[in-house]
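Chemist: next input, structure requested:
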Amino acid sequence: QVQLVESGGDSVQAGGSLRLSCAASGDFYGRCRGWFRQAPGKEREWVAIIYNGGLRTDYADSVKGRFTISQDNAKTLSLQMNSLKPDDTAIYYCAAARGACQPVETRFDYWGRGTQVTVSS
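Modeler: Here you go, the predicted model:
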């Protein structure tokens, strides 16, 4: 049984920073890991993915240059978020995929329960 648990969500002012973490437990082999988010009244969208042993990353245009995804070790994933904007307010989900890495929700096999990020203006 694979479990993903996010942490680090908080309420911050616009322009601030947060670092989210995702810890994996259980028998885990994930070639691709990523972060998604869901804002109130909106569909879940991808934020960033990391693959090829952490050597390759990709970001949604809305966060490029502000967010950094990293694989701290085999089972811990992070998302450093800088220059936060009110539009970044959402529940952030960690996800992992056994197969090839694509920024598509249906490609991911395992999901955490999410952590709330709130950015006020």
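Chemist: where do the strands sit along this structure?
Modeler: Secondary structure of the chain by DSSP state E: the strands cover 3-7, 11-13, 18-25, 32-38, 45-51, 56-59, 67-73, 76-81, 90-97, 110-111, 115-120.
Chemist: chain neighbours aside, what residue packs nearest to the residue nearest the centre of the chain?
Modeler: Nearest residue to the geometric centre of the chain (CA atoms, centre = their mean): Trp35, 2.1 Å. Leaving aside its chain neighbours, Trp35 sits nearest to Val47 (4.3 Å; criterion: CB to CB, 6 or more residues apart in numbering). Bear in mind the C-beta positions are built from the backbone N, C-alpha and C, glycine included.
Chemist: quick check: the residue nearest to Val104 when sequence neighbours are not counted vs Cys101, distance?
Modeler: When the adjacent residues along the chain are set aside, Val104 lies closest to Trp46, with 7.4 Å between them (CB to CB, 6+ apart). Trp46 is 11 Å from Cys101, where distance means CB to CB, to the nearest Å.
Chemist: pull up the overlap in contacts between those two.
Modeler: Counting by CB atoms under 8 Å, 6 or more residues apart in numbering, the common neighbours of Trp46 and Cys101 are Gly34.
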